[in-house]
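Trainee: Curious how this folds, go ahead:
(chains A, B and C)
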Amino acid sequence: MKNFEYAAPRTEEEALALLAQRPDQTAVLAGGTDLVPLMKKMLVTPQRVVNIKNIDSLRGIHAHSQGVTIGAVTTLDQLLEAPELEPYPAVKQVIAKLGSLQLQCQMTLGGELCRRPQCWYFRNGYGLLGRRGQLVEQGDNRYHAILDNQGPAKFVSPSRLAPALIALGAVVRVAGPGQQETTVPVERLYRTPKDDHQRELTLSPAQLLTHVLPKLSQGTLNATYEVKHGTGPQPPLATASVALELDGSGVVRSARVVMGQVAPVPWRSREAEEVLVGQRIGYELAELAGAAAVAPATPLSQNQYKVQIAKTAVKRAVLLAAGLETGGL
Amino acid sequence: MAKLDWPQQGKAALLGKRHDRIDGVAKASGAARYAYDILEDNMVLARVLGCPHAHCRVKSIDVKPALKVPGVVAAEALKKPGDEIQWQGDLVAVVAGETEGAIAEGLAAIKVQYEVLDVFAQDDDLEAAQKAKRTRRAGQSTKLERDIPDEVEDEEAWEEQELQRLFKECDKVIEGQYGIPVITHMCLEPHGSTCLWQGDKLIAHLSTQNVSGTAGQFAGPLGIPATDVTIHCDYIGGGFGSKFAADTWGVTAASLAKKLGRPVKLMLDRDLELKNAGTRPSGFIKVKVGVDGNGVVKVWDSHHWGTNGIGGGVVSQGVIPYVFDPPNRRRRATGIRVNAAPARAWRAPNHPQGAVLSQCAYDDVARELGIDSYEVFQRNLQRVSNGKTEVYREQMEIAAKLMDWKAKWHPHGKGPRNGSVVTGLGMALHTWGGAAHNSTAELKIHPDGSVEISLGSQDLGTGTRTVIALVVAETLGLKPEQVKVNIGYSTYPPSGPSGGSTTVGGVSESSRRAATAALNQLLDKVAGKLGVPAARLEAKDGRIQDSQNPETCISWKDACSLLGMSPLVAKGEYRRGRTKTNLSSSQVAGVQMAEVAVDLETGIVRMKKFVAVQDMGLIINRKAAESQVQGGVIMGIAYALFEERILDPQTGAFLNAELSDYLLPRLGDVGEIVVHLYEPPSEYQRGVVGLGEPPVISPGAAISNAVCNATGVRVPTLPLTPKRVLDALAKAQG
Amino acid sequence: MSEPVRSRGGFSRREFLKGSGAAAAATAVVGAPLVAPAEEATGLIRGAEEVTLQVNGKAHRVRIEPRTTLLEVLRYQLGLTGAKPVSADGCCGGSTVLLEGKPISAATTLALDCVGKQITTVEGLGAQDNVVQAFVHQDAMQCGFCTPGFVVAVKAFLKKHPYATEEEVREGLNGNLCRCGTYVNVVRAALEVVKGGRNG
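Mentor: Reported below is the predicted structural model:
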């Protein structure tokens, strides 16, 4: 690691002040599960690290009339155990299958949402868009994007919780720069970079993600289905999170379907949503939703199989949300 | 007189029973110190810089900027301008410093200019390799029932004709393609050492499988006599065949320590460990087999290729076909030079590849003919390379019973389907030598009754200390905790390197011999005291007693007090091939069966149950022996379902050289594992045979065959990842 | 041994007594003061500082830089080598320690982040610990390099799930990697502790 100056402020204001001075050379530290390895490999070399874990206002889960507010430094094991999150199985299912007790206890919600991609070209120092995408395109792209991959960005968005939170209509509270404060849908935290100057996260370095607020009307069915190769903490091959509102007769009134690990951003499938709305959930409909979700896929040379996996993830997430048997292993 | 022979089966006090390992608490509580854990006063840490390119020439290298980094105490180039580098991660420079952070900054400050050269990294693609001129003929050997007629001039052409004729005679000819990629050793403790000098003498705390055989490897390059080098390794965090040498980084640590006058700890980083310090060669094969109507193979014709790194070696022809020995066979091999570090011996070198490349083909015979795989394997047992037909037959029966094979069996691809999930069975069998290595032990009985034994061996995880303690305690009629076991120093009498399943045999030989010799000296003294001829005395339950009248006895302690002032010292020596022995032997068989479930929609394969039946001659510590078999099976599950080295085809970069990308099974991935140690009297009588390698050989083939049985489709290449399974299913559906 | 010093999270600049050129080797400080509330904690730390870490119930003065990981301090300043450096990314569980009772990777945790928190390493469990003993009885080790990390993880897991079933054990302990293949016996060891009712 390159050396850096370090601070552990106790308030948001202090943190923002620390970020404001040299935002481009400052990194925010929470659980450290991603930042510390990145710094060890010198893929990230901040001059300043601001540890936000000691900021009381960023901790904990608070239930209120509009739902819950989750502090960004709340650890995933706390989320898993929180009774306030019972209405959000889509979130808990991910954490329960995270594949590492240690990561559950160390990783924070905010940190999980802001992880850098696991793309092995990026992690091996070739840059996120290695040779304008050519490295991935002609290289080993077995884990890369099958959607939104026609530009230079071919990595997949690494967050496992973002699809669930997007399906749940969650917003994040963003503080900074300075006194400013905004609310941003989780969906809009991510973008597909078009060139090397763009990051995959839309937050500016002077901003702090402080809280996450799932927005969900009572009784919305939701679930996440991850297809994982093995039980360890490695990223899933594809995931899908689904939130469904049914009317009194069991017909889908609204649906949100979000796939993970398939595109440079968490991938919302309007096609799948359209298939679901106005119908009653059953095996055939779930199958159709899966097929619709991957219809626009443009697989690379080695990841055709991910189309099938993503399709299955969507199908099973729909079934799981509806309380039906998903089948499979 | 104490006899050298092992006790009769069932008569041993300790051997063959279940014992906790004597260093178990040290390992589980963190007290055990590995080379990585050795802390010396005034020690500095060191790390190496790996080359970012897979093939290049060094144009210039400047380490001076590293020296300006605070905390850095030394920086040296390990390559010079003009040097050609043939794999990514080859060691370019070394930096020593006070903290890990300082060293990292020092490494980053080093300036190297490279001229990048052409790369070849696709060891599975024979055509591409030929085009790139990266192939090397690695031999051809043909064995036919008919002799070549004297008048034939072109022998190869005649053989080709004869093979074609033989294939025509067969009831069915089956063709297949199979593959098993390069994997790494992935020792959790990377290679490295902590080196310090006491005057002109070097002490190397080395993570090594070869305590007694490494001193000279330091001494030569350092220009000192081997007598000035002491190797020390109490514990080693994994070796698997990759840690026999001092290695360039070991010598670098020693010379840096000399220069600095301070102890130096140099351990490889994870990615450099994977890039430099050990891989297993890949193997890919095209096979044509001719069978009779019963599935008995009459003709085998194959061509296999693969790589062992830049040298261009390939899996030995000797393991093709594996165990089975059909009457007619031709095998050809081609090596491919890829830009990667040279492979090292990997637990049971060649055999796991041999099993996959051969026994998947035998299973495809069952698939093509619609016969139970068990029947095909059994019918082909008539001709096996090690003559163990009957042992395999019995082991197969035991394994089948434990697996409930008959009840679970269904023809390939025709089992019941539970939604998208199908299940299947597969089997494979293996062979290994496992003869004892050379070993010398020195045993001391002190006048106070305490006992110690010293030998320059090591514990790879087998439980070497416990084996030695059990053998000595059995021989002397003591409890294992009464025996102090000294291993891990090169100053002790030499014992062989731990490779090829040779250690338990070797240390059992020398320990038994030393303890028997010592006991006989002691019995001579006791004979006078008790008035019983030494020939009638025996050591049992902490006493020396008259075997015909056990009440005439003396306690161990009292017996030892007869030694007077000096301890009794006895040596035990075993030299392979020279020492006549019935304590150890070689050659084992082994049968394994796998039951898997496959999700046809995701391609995920889950282990349901695995049965391993294994012979190993006489068992010393049943508990540790079972652990060895479980471990072999799990390492097999690893390469069957998860791990492979992934080189970028364009740059040759080792893309998954960190543990977050290099997939390995976790606790939840291994399913139920049933181990049966096969030890009928015929095996017990053979004495000790090594066990480390055999159980890791069959899992790849057994699991591949089980997946094929479940799905009806052969997934040709390991590991059987969701990608490979789905790709194969899609291809089969057209 | 002194009573463990408990505190809430955070630390104070008072903790960072400027280095006086003292040796890197740490000394146990008996009866170290409670960590002060951190109203001054926005202060930036640059370069090496001396701080107090609470490890296995004892206070230790150590000299660290902001980039120093907990693992580096434990191993090279405190001589506690039970936690192992296996991977840079902490996905293997080799460096597992308990931080405020929870299992985390010391390899990916900055030492400064641990000031004022209780750290327990495998050495803090001791040879008589029921999980350590169960690992020995069940032979849940081979080379042993992953074993201390596994022991700490099992300890933490069983504290949360004292009546864990075999299925829960198989699902809950996937953060630790073993290369020798000891998983079968790790499951047995965890279940031995459950059945013995001796965990906690």
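Trainee: CA atoms for contacts and neighbours, from now on please.
Mentor: Will do.
Trainee: Residue of the stretch 251-400 of chain B closest to chain A, please.
Mentor: Using C-alpha to the nearest C-alpha, the single residue of the stretch 251-400 of chain B nearest to chain A is B:Asp271, 10.1 Å away.
Trainee: tell me which element the nearest residue in space to that residue that is not next to it in sequence falls in.
Mentor: Spatial nearest neighbour of B:Asp271, excluding adjacent residues (C-alpha to C-alpha, 6 or more residues apart in numbering or on different chains): B:Ala657 at 4.7 Å. Per DSSP states H and E: B:Ala657 is located in neither a helix nor a strand.
Trainee: Helices of chain C, residue ranges please.
Mentor: C:70-76, C:122-125, C:130-137, C:147-160, C:166-172, C:183-196 (DSSP state H).
Trainee: can you list the residues of the stretch 1-150 of chain A near chain C?
Mentor: Contact residues (C-alpha under 8 Å from any C-alpha of the partner chain) of the stretch 1-150 of chain A with chain C: A:1-10, A:14-15, A:31-34, A:36-37, A:40, A:51, A:54, A:99-103, A:105-106.
Trainee: So which of those reach chain B?
Mentor: Answer for those near chain B (C-alpha under 8 Å from any C-alpha): A:1-3, A:40.
Trainee: State the pair within these that is farthest apart.
Mentor: A:Asn3 and A:Lys40 (10.3 Å; C-alpha to C-alpha).
Trainee: What segments of the stretch 451-600 of chain B are helices?
Mentor: B:464-476, B:503-530, B:556-561 (DSSP state H, counting those that start in this stretch).
Trainee: With respect to B:Arg337, which of those helices lies nearest?
Mentor: Set against B:Arg337 and scored by C-alpha to C-alpha, the helices of the stretch 451-600 of chain B come closest in helix B:503-530, at 33.4 Å.
Trainee: Excluding covalently adjacent residues, which one is nearest to the one residue in the stretch 451-600 of chain B that gets nearest to chain A?
Mentor: Nearest residue of the stretch 451-600 of chain B to chain A (C-alpha to the nearest C-alpha) works out as B:Asp599 at 5.6 Å. Leaving aside its sequence neighbours, B:Asp599 sits nearest to B:Val421 (C-alpha to C-alpha, 6+ apart; 4.5 Å).
Trainee: For A:Leu35, which non-adjacent residue is closest in space?
Mentor: That would be A:Leu29: by C-alpha to C-alpha, 6+ apart, it lies 6.8 Å from A:Leu35.
Trainee: neighbours around the one you found, how many?
Mentor: Residue neighbour count, defined by other C-alpha atoms under 10 Å in any protein chain shown, stands at 23 for A:Leu29.
Trainee: Show me what it is bridged to.
Mentor: Taking DSSP bridges, one obtains A:Asn51 as the residues bridged to A:Leu29.
Trainee: roughly how far apart are it and A:Val73?
Mentor: Separation of A:Leu29 from A:Val73 (C-alpha to C-alpha, to the nearest Å) stands at 10 Å.
Trainee: Report the set of residues contacting both of these two.
Mentor: A:52-53 (C-alpha atoms under 8 Å, 6 or more residues apart in numbering or on different chains).
Trainee: before we move on, the earlier item: with respect to B:Pro263, which of the helices of chain C lies nearest?
Mentor: helix C:70-76 (13.3 Å).
Trainee: Please determine whether the closest one lies in contact with chain A.
Mentor: No. Using C-alpha under 8 Å from any C-alpha, helix C:70-76 never reaches chain A; the gap is at least 11.4 Å.
Trainee: How far does that helix sit from its chain's centre?
Mentor: Put simply, helix C:70-76 sits 10 Å off its chain's centre (C-alpha atoms, centre = their mean, to the nearest Å).
Trainee: Against chain B - does that helix have any residue that ends up touching it?
Mentor: Yes. Helix C:70-76 lies within reach of chain B by C-alpha under 8 Å from any C-alpha, at C:72, C:75-76.
Trainee: Out of those, which end up buried?
Mentor: C:72, C:75-76 (16 or more other C-alpha atoms under 10 Å in any protein chain shown).
Trainee: thinking B:Val63 is in contact with B:Ala77, fair?
Mentor: Yes. Contact criterion C-alpha atoms under 8 Å: B:Val63 and B:Ala77 qualify, at 6.5 Å.
Trainee: So for the two, which residues contact both of them?
Mentor: With C-alpha under 8 Å, 6+ apart as the test, B:Val63 and B:Ala77 both reach B:Ala93.
Trainee: Compare neighbour counts for these two and give me the winner.
Mentor: B:Val63 (21 against 18).
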